[in-house]
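> no letters, just coordinates:
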């Protein structure tokens, strides 16, 4: 399950991430929360652990399969 980002901790400028990437990557891994990167004050990217990314992809695949099965049942 994905943890929600904390608005006061998990939003950082891209320049700060570049300067401290290793530290932020460890924090992402330890906290289990994604990091939102901004550029010129606007959200640009989300960084999350590989483990969390894989989990989200598995969950998405499961949900898609359930939707497909539901659609097939209704069409029968």
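All right, it came through fine. For clarity, every value in this text was computed on a predicted model and none was experimentally measured.

> buried stuff in the longest helix anywhere in the chain?
Assignment by DSSP state H gives helix 50-75 as the longest helix of the chain. Within helix 50-75, the residues that count as buried by 16 or more other C-beta atoms under 10 Å are residue 52. No exception for glycine: its C-beta is placed from N, CA and C like everyone else's.

> pLDDT of that helix, averaged?
Average pLDDT, helix 50-75: 89.

> tally of neighbours for the residue nearest to residue 48 when sequence neighbours are not counted?
The shortest distance from residue 48 to any non-neighbouring residue, by C-beta to C-beta, 6 or more residues apart in numbering, is to residue 34 (4.1 Å). Residue 34 has 20 neighbours, counted by other C-beta atoms under 10 Å.

> repeat that for residue 11.
So residue 11, with other C-beta under 10 Å, has 13 neighbours.

> thought it was touching residue 41?
No: taking contacts as C-beta atoms under 8 Å, residue 11 lies outside contact range of residue 41: 10.5 Å.

> if we can go back for a sec, the residue nearest to residue 48 reaches residue 10, doesn't it?
Yes: counting by C-beta under 8 Å, residue 34 does reach residue 10; the two are 6.8 Å apart.

> tell me the contacts of the residue nearest to residue 48?
By C-beta atoms under 8 Å, 6 or more residues apart in numbering, the contact list for residue 34 reads 2, 5, 10, 28, 46, 47, 48, 52.

> rerun at 7 Å
5, 10, 28, 46, 47, 48 (C-beta atoms under 7 Å, 6 or more residues apart in numbering).

> pLDDT-wise, what's the bottom of those?
At the low end of pLDDT for the contacts of residue 34 is residue 5, which has 89.
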